[in-house]
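In: Below are the sequence and a predicted model for it; my questions follow.
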Amino acid sequence: MAPRHARSGSLLTGTSTPSRLARASVTPLLVPVLETPTLGDREFSLLRDLIEREAGIHLTSAKKALVVARLGRRLRALGLRSFGAYYDLVSEPGGASERVHMLDAISTNETSFFRERKHFELLEDKVLPAWREAAAAGRRSRYVHAWSAGCATGEEPYSLAMVLLRHLPPHAGWHIDILATDLSTRALDKARAGIWPIEKADTIPGEYRRAFMLRGVRAKEGTMKVGPEVRAVVRFAQLNLHADSYPVPRHCDLILCRNVLIYFDQGARARITSRLLGHLQPGGYLFLGHAETLHASCAADMRTVMPTVYVRRATESGGAGGGSG
Ligand SMILES: C[S@@+](CC[C@H](N)C(=O)[O-])C[C@H]1O[C@@H](n2cnc3c(N)ncnc32)[C@H](O)[C@@H]1O
């Protein structure tokens, strides 16, 4: 039986000729891995302030290791030897495309299908039946506009689409339009592709999985894809919530901005929430993430339905069942 190193294909076997050994020594099989440089306090402050100015993402000094790990990859990809050189590149006016990569690297896109299930249950059990009733009585239209702000890789807007399509079906005259936005272009590319490892199906309730998801076969074994009916009602766009205004319709019935505000400081959270509410019509619902609450400055316009879910109070002229058209 051949020695172990010979079986595994090593070039350095006892049968190697001198010329083979020489070739092996001039053609290294392994090159040194570039070490990530140290991130000094000054460079950390510069990068942290740039990230906050660009995206509102607030990084405390506890996040220094995360910055080293994530931006270290960019340094290696670009062949740069210091974070100072990276800052120079990313902060210059011509560094716009690298700024996109930087924010892609920094943003955390963790998400899952039907995350925070109780939000979807509230829609199924209370909100959507009330809308159906209001539409039947002519008190609201059958158009539904929803916005998933900070949609990451798409699981959130696709989950919402499944719930809306099932409970407000097109054959009953309903029109669903979901805008899904995120800062990260990398996350949006994945969202548009709409393909995930099959394990991601575990959190999708069976009725939705069977009705709306497609399982890959042969070369696609082990993957799943979101079906065409769901895809057709979700559109994706890049949008920075830190911007002064949002090019989004002002009459949303539902806004989901979940597990996004946690990245901002108090002031930015208040500004963003107030801007979001400007896109919610009276009677429309705002859903926040489990660790997020509505800023006090917005409380007068909103009624709490359950922790993390708020409904916009009806104005004198509009009704809570108003609906969009
Ligand atoms: C943890 S994920 C939440 C995903 C989904 N909403 C959920 O709850 O499962 C946070 C998302 O917020 C996005 N984000 C961070 N800062 C943002 C900004 N300034 N504008 C828009 N999106 C931002 C990130 O790119 C990331 O995809």
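Out: Okay, I see it.

In: care to break this structure down by domain?
Out: 41-106, 117-312 (automatic domain parsing).

In: Is any residue of the shortest one near the ligand?
Out: Yes - Domain 41-106 comes into contact with the ligand when judged by C-beta under 6 Å from any ligand atom, the residues involved being 55-57. The way it works is simple: take the backbone N, C-alpha and C, and place the C-beta from them, glycine included.

In: Mind checking which of those residues land in helices?
Out: Counted as lying in helices by DSSP state H, out of these, are residue 55.

In: Could you pick out the buried ones from the residues of domain 41-106 next to the ligand?
Out: Taking 16 or more other C-beta atoms under 10 Å as the criterion, what is buried in the residues of domain 41-106 next to the ligand is 55-57.

In: Can you convert the residues you listed into TSV and add a column each for pLDDT?
Out: Formatted as TSV, those follow (pLDDT from 0 to 100):
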residue	pLDDT
55	93
56	92
57	93
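
In: out of those, who's nearest the ligand?
Out: Closest approach to the ligand among those (C-beta to the nearest ligand atom): residue 55, at 4.0 Å.

In: On the pLDDT front, check the nearest residue to residue 104 once chain neighbours are set aside for me.
Out: Distance criterion C-beta to C-beta, 6 or more residues apart in numbering; nearest residue to residue 104, sequence neighbours excluded, is residue 186 at 4.4 Å. Residue 186 is assigned a predicted lDDT (pLDDT) of 94.

In: Now residue 186. Its backbone dihedrals?
Out: For residue 186, the backbone dihedrals (degrees, to the nearest 10) come out as phi -60, psi -40.

In: May I have the helix or strand harbouring residue 52 as CSV, with CA atoms only?
Out: Element membership for residue 52, per DSSP states H and E: helix 41-55. Only the C-alpha atoms of helix 41-55 are listed here, as CSV (Å, rounded to 0.1, in the frame of the first residue of the first chain):
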residue,chain,number,x,y,z
ASP,A,41,-7.6,54.4,16.8
ARG,A,42,-7.2,57.3,14.4
GLU,A,43,-8.1,55.2,11.3
PHE,A,44,-11.0,53.6,13.2
SER,A,45,-12.4,57.1,14.1
LEU,A,46,-12.1,58.2,10.5
LEU,A,47,-13.8,55.1,9.1
ARG,A,48,-16.4,55.1,11.8
ASP,A,49,-17.3,58.8,11.1
LEU,A,50,-17.4,58.2,7.3
ILE,A,51,-19.7,55.2,7.7
GLU,A,52,-22.0,57.2,10.0
ARG,A,53,-22.1,60.2,7.6
GLU,A,54,-22.8,57.9,4.6
ALA,A,55,-25.3,55.4,6.1
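
In: what does the helix or strand just after that helix contact?
Out: Next helix or strand after helix 41-55 toward the C-terminus (DSSP H and E): helix 64-78. With contact meaning C-beta atoms under 8 Å, 6 or more residues apart in numbering, helix 64-78 is reached by 34, 36-37, 39, 44, 47-48, 59, 81-83, 85-86, 89, 98, 101-102, 105-106.

In: Helix 64-78 to helix 41-55, inter-axis angle?
Out: For helix 64-78 against helix 41-55, the angle by axes from the mean of the first three to the mean of the last three C-alpha atoms, to 10 degrees is 80 degrees.

In: List the buried residues of helix 64-78.
Out: In terms of neighbour count (16+ other C-beta under 10 Å), helix 64-78 has its buried residues at 67-68, 70-72, 74-75.

In: Phi, psi for the closest residue to residue 263 other than its chain neighbours please.
Out: Nearest non-adjacent residue to residue 263, counting by C-beta to C-beta, 6+ apart: residue 57, 4.7 Å away. Torsion angles at residue 57 (phi, psi; degrees, to the nearest 10) stand at phi -70, psi 120.

In: Check residue 297 too.
Out: Given degrees, to the nearest 10, the pair of backbone angles that residue 297 has is phi -70, psi -20.

In: could you measure it against residue 276, distance?
Out: Distance of residue 297 to residue 276, computed by C-beta to C-beta, to the nearest Å: 13 Å.

In: more neighbours, the two?
Out: Neighbours were counted for residue 297 and for residue 276 using other C-beta atoms under 10 Å; residue 276 has more, 21 against 12.

In: Next up, identify which helix or strand that one is on.
Out: Using DSSP H and E, the element containing residue 276 is helix 266-277.

In: Just the angle for that helix relative to helix 41-55, thanks.
Out: Interaxial angle, helix 266-277 versus helix 41-55 (the same axes, to 10 degrees): 20 degrees.

In: got a list of contacts for helix 266-277?
Out: Residues outside helix 266-277 that contact it (C-beta under 8 Å, 6+ apart): 56, 58, 149, 241-242, 245-246, 255, 257, 261, 264, 286, 294-295, 297-298, 301-302, 312.

In: now those: which count as buried?
Out: 56, 58, 149, 241-242, 246, 255, 257, 261, 264, 286, 294-295, 298, 301-302, 312.

In: how about the strands in the stretch 1-150 of the chain?
Out: Applying DSSP state E, counting those that start in this stretch to the stretch 1-150 of the chain gives strands spanning 143-149.

In: so how far is the helix holding residue 276 from its chain's centroid?
Out: 18 Å (C-alpha atoms, centre = their mean, to the nearest Å).
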